[in-house]
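Asks: Predicted coordinates and the sequence they were generated for:
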Amino acid sequence: MPKYLCMQRSLPGGDTHKPSPAEMQEMYSQFRAWQQKFQENLVDMGGKLGAGRLVTEPAADGPFVEVKELVGGYMIVSAQNLDEAITVARGCPGLVRRGSGVEVIEIRTS
Amino acid sequence: MSTPQLVEHFFRREYGRLVATLCRRVGEQHIEAVEDAVQSALMAALESWTVSGPPDNPSAWLFRVAYNDVAGTLRQGSRRRRLLEQYGGDAVDSGDSGPVPFLANEVQDDLLRMLFVCCDEAVAERSQLVLALKTLCGFDVREIAFRLFLSEANVYKLLTRARNRLRKSPPRTEGPSEAEFSSRIPAVHKILYVLFTEGYLSSRQEAAIRRELCDEAMRLATILAEHPMGQTPETFALLALMHLHSARMDARQHGSGGLVLLEEQNRDLWDREEIQVGLEWLARSAQGDAFSRYHAEAAIAAEHCLAPSFQETRWENVVNYYSLLERMAPSPMHMVNRAVAVAEWKGPAAGLAVFDGFEPPDWLADSYMWAAVLADLHGRCGNVELAKRYQKLAWKTAPTPAVKQLLEHRLQTSRQTITR
């Protein structure tokens, strides 16, 4: 089955409201439900991305702040096609919300 | 892969526990740094645990993260460094061993200590309540505003006042002294009582949310009762009254969310186990000379719980307890309640006679309760015109649709024909 790289991107005008403990618990439960629903599709839960630097020749000025600011995290899902991968990503609580979007890219290995 | 479920209210409970424990360690004057650190630690947990599952000991994980965060914050700045050198052997224990693990009973002590910190007499009662809801119960400003029917700006203001006071606390980590503990106990009782009644008496919210406030009050009161310092007859009476009210909570509400009159409540729905627990606390409260308002209120609740039916209620006892209550905590509301009980005991005319020579203050005269009680008593006495007038007034002043519905039902089925 094809694999897809999902990258979370923050968009301008994000939600600045800090979730309360009760809301965090709710998010945790939703995440759990989502994980169970798409168990088959979740290949690698990935993680958060920290600061990075673009390596080029000749060396460019860095660090590339926008990389850190724009991409929050990644994960890898397997799906029949792009649409299914998008469905999985869209269902993930906290991934797609106001001020945040997810970019889904097919990983071609052949 | 699937992440295990966390216990109910895990994040809220951890919030309260961590704030209490860290405040004891670094001093409540650093309450803001502590709250920020706890919030960040919970966020970090949410992010990390959803990806790789929670660690074996989630509480210890959270404690370590929050502790390191707050210790780091406090290490910054020379003024703070000086303070920490002086007082913070424990606070900035940066040795390799890391923070010492905590014990269950120590956590209870920390929560209790924080409860007493919240009940600072220099802070207005409303501020104390908001601070307790924020720090011990883990509700945020929006959630507190929603539960107490205040604006968010108002909650924020109340919280700021309480925090400003804490910030001025002497830089020490022991918290209130033993003398302060005993002098603050009445304030602690009051805050728990207010927290409970906010949940129990509110007619403006769905049951689950009201129940939550009651549960929080009972949880904190139980911690108080488990501590030698908190084991007073008043604490036990307070717990008795909470359990006895809580036993009837489900029966007070019918399926559509409206309130059900006491006399029409299905007594089979009353929680027998809760009644039992309440009666046990009541028995424990009957020691020493103390007879507080909590004793009187618990005794009234017990009378209702023990009565096989509305008609068989020992109204004479209820009336006597209301008289005691009026003497201990004078309030026209208690008088109104007494009049209602007298009416059941000796008839509606005797109930009305309770108000002879009484001028209700404006807040009472304008309330639906006053109007509804008078409409009912006059109706039952056959004073048709007066009954109608108060009925209209009650309708006009009913605060919510649920109350309006209850009134409509109550006043239309008013036992006008019953002569007693």
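Replies: Yep, that arrived. Residues are numbered from 1 along each chain as shown, chains lettered A, B, ... in the order given.
Asks: And the next helix or strand past the lowest-mean-pLDDT helix or strand in chain B?
Replies: Ranked by mean pLDDT, DSSP states H and E, the weakest helix or strand in chain B is helix B:78-87, scoring a mean of 58. With elements assigned by DSSP states H and E, the helix or strand that comes after helix B:78-87 is helix B:104-118.
Asks: Need the contact partners of that next one.
Replies: B:16-17, B:19-21, B:23-24, B:28, B:102, B:128, B:131-132, B:135-136, B:162, B:166, B:175-176, B:180-181, B:184, B:188, B:191, B:220, B:223-224, B:226-227, B:229-230 (CB atoms under 8 Å, 6 or more residues apart in numbering or on different chains). For the C-beta atoms, the positions are set from N, CA and C on the backbone; glycine is no exception.
Asks: Name the single longest helix found in chain B.
Replies: Counting residues, the longest helix found in chain B (DSSP state H) is helix B:178-201.
Asks: Show me which parts of it are buried, residue by residue.
Replies: Across helix B:178-201, burial judged by 16 or more other CB atoms under 10 Å in any protein chain shown covers B:181, B:184-185, B:187-200.
Asks: Show me what from chain A comes close to chain B.
Replies: Contacts of chain A with chain B, taken as CB under 8 Å from any CB of the partner chain, map to A:18-22, A:24-25, A:27-29, A:31-32, A:35-36, A:39, A:42, A:45-48.
Asks: Helix, strand or coil: sort out the residue lying farthest from the centre of chain A for me.
Replies: Residue farthest from the centre of chain A, counting by CA atoms, centre = their mean, is residue A:58 at 30.6 Å. Per DSSP: H, G, I helix; E, B strand; the rest coil, the secondary structure class of residue A:58 is coil.
Asks: give me every residue that touches the residue nearest to the spatial centre of chain B.
Replies: Nearest to the mean C-alpha position of chain B, by CA atoms, centre = their mean, lies residue B:195 at 1.8 Å. Listed by CB under 8 Å, 6+ apart, the contact partners of residue B:195 are B:129, B:132-133, B:213, B:216-217, B:220.
Asks: could you redo the last one with a cut-off of 10 Å?
Replies: Residue B:195 sits next to B:129, B:132-133, B:136-137, B:147-148, B:213-214, B:216-218, B:220-221, B:242 when contact means CB atoms under 10 Å, 6 or more residues apart in numbering or on different chains.
Asks: Please report how far residue B:218 lies from residue B:249.
Replies: Residue B:218 is 11 Å from residue B:249, where distance means CB to CB, to the nearest Å.
Asks: between these two, who's got more neighbours?
Replies: Neighbour count, other CB atoms under 10 Å in any protein chain shown: between residue B:218 and residue B:249, residue B:218 has more, with 21 against 18.
Asks: so what's residue B:244 up against?
Replies: Applying CB under 10 Å, 6+ apart to residue B:244 gives the contacts B:270-271, B:274-275, B:277-279, B:281-282, B:297-306.
Asks: Okay, and which of those map to helices?
Replies: Counted as lying in helices by DSSP H, out of the contacts of residue B:244, are B:274-275, B:277-279, B:281-282, B:297-306.
Asks: quick one, phi/psi of residue A:76?
Replies: Per-residue torsions, residue A:76: phi -120, psi 130 (degrees, to the nearest 10).
Asks: dump the residue contacts of it.
Replies: A:3-6, A:41-46, A:85, A:107.
Asks: before we move on, what about residue B:308?
Replies: Residue B:308 sits next to residue B:267 when contact means CB under 10 Å, 6+ apart.
Asks: mind checking how far the residue farthest from the centre of chain A is from chain B?
Replies: Going from residue A:58 to chain B by CB to the nearest CB, to the nearest Å gives 37 Å.
Asks: show me where chain A has strands.
Replies: A:3-10, A:42-48, A:71-78, A:100-107 (DSSP state E).
Asks: if I look at residue B:218 and residue B:249, which residues touch both of them?
Replies: Common neighbours of residue B:218 and residue B:249 (CB under 10 Å, 6+ apart) are residue B:199.
Asks: which of the residues in stretch B:58-68 are buried?
Replies: B:58-59, B:61-67.
Asks: Let's see which of those end up in helices.
Replies: Among those, the members found in helices (DSSP H) are B:58-59, B:61-67.
Asks: Around chain A, which positions in the stretch 51-200 of chain B sit nearby?
Replies: The stretch 51-200 of chain B comes close to chain A at residues B:51-54, B:134, B:137-144, as judged by CB under 10 Å from any CB of the partner chain.
Asks: Quick one: work out the angle between whichever strand or helix holds residue B:216 and helix B:178-201.
Replies: Per DSSP H and E, residue B:216 falls inside helix B:207-226. Per axes from the mean of the first three to the mean of the last three CA atoms, to 10 degrees, the angle that helix B:207-226 makes with helix B:178-201 is 160 degrees.
Asks: could you say what helices and strands helix B:207-226 packs with?
Replies: Helices and strands touching helix B:207-226, by 3 or more CB pairs under 10 Å, 6 or more residues apart in numbering or on different chains; DSSP states H and E, are helix B:10-26, helix B:104-118, helix B:125-135, helix B:141-148, helix B:178-201, helix B:233-246, helix B:272-285.
Asks: average pLDDT across the second one?
Replies: Rounded to a whole number, the mean pLDDT of helix B:104-118 is 84.
Asks: Give me the buried positions along it.
Replies: Under the neighbour-count criterion of 16+ other CB under 10 Å, helix B:104-118 has B:107-118 buried.
Asks: With the third one instead?
Replies: Using 16+ other CB under 10 Å as the burial criterion, the residues of helix B:125-135 that qualify are B:126-135.
Asks: mind listing what residue B:306 touches?
Replies: By CB under 10 Å, 6+ apart, the contact list for residue B:306 reads B:244, B:275, B:279, B:312-314, B:317.
Asks: quick one: which of the residues you listed is most hemmed in?
Replies: Ranked by neighbour count (other CB under 10 Å), the contacts of residue B:306 have residue B:244 at the top, with 28 neighbours.
Asks: Surely residue B:332 and residue B:364 touch.
Replies: Yes - in this structure, residue B:332 is within contact of residue B:364 by CB atoms under 10 Å, at 5.0 Å.
Asks: Go through the residues of chain A next to chain B and flag which are in helices.
Replies: Assigned to helices by DSSP H, the following of the residues of chain A next to chain B qualify: A:21-22, A:24-25, A:27-29, A:31-32, A:35-36.
Asks: Up against chain A, what does the stretch 201-350 of chain B have?
Replies: Going by CB under 10 Å from any CB, the residues of the stretch 201-350 of chain B near chain A are residue B:212.
Asks: Pull the number of nearby residues for residue 23.
Replies: I'll assume chain A. By other CB under 10 Å, neighbour count at residue A:23 equals 17.
Asks: that answer is for a different chain, and I need it for chain B
Replies: Using other CB under 10 Å, residue B:23 has 26 other residues around it.
Asks: Tell me who's in contact with it.
Replies: B:29-31, B:34-35, B:38, B:70, B:110, B:113-114, B:117, B:135, B:166, B:169, B:173, B:175.
Asks: where does chain A dip in pLDDT?
Replies: Scanning chain A with the threshold set as pLDDT under 70 gives A:13-16, A:59-70, A:96-98.
Asks: run the last query once more with 90
Replies: Segments of chain A classed as low confidence (criterion: pLDDT under 90) are A:1, A:7-19, A:27, A:31-32, A:35-36, A:39-40, A:43-74, A:90-102, A:109-110.
Asks: Hmm, residue B:384 is touching residue B:390, no?
Replies: No - in this structure, residue B:384 is not within contact of residue B:390 by CB under 10 Å, at 11.2 Å.
Asks: Mutual contacts of the two, please.
Replies: Contacts common to residue B:384 and residue B:390, judged by CB under 10 Å, 6+ apart, are residue B:378.
Asks: neighbour-wise, which of those two wins?
Replies: Taking neighbours as other CB under 10 Å, residue B:384 and residue B:390 compare with residue B:390 leading, 23 against 11.
Asks: From residue A:19, how far off is that one?
Replies: 48 Å.
Asks: what sits against residue 42?
Replies: Using chain A here. A:34-36, A:75-78, A:88, A:92, B:1-2.
Asks: was after chain B, sorry
Replies: Residues near residue B:42 by CB under 10 Å, 6+ apart: A:18-21, A:24-25, A:28, B:10-12, B:14-15, B:18, B:62, B:65-66, B:138.
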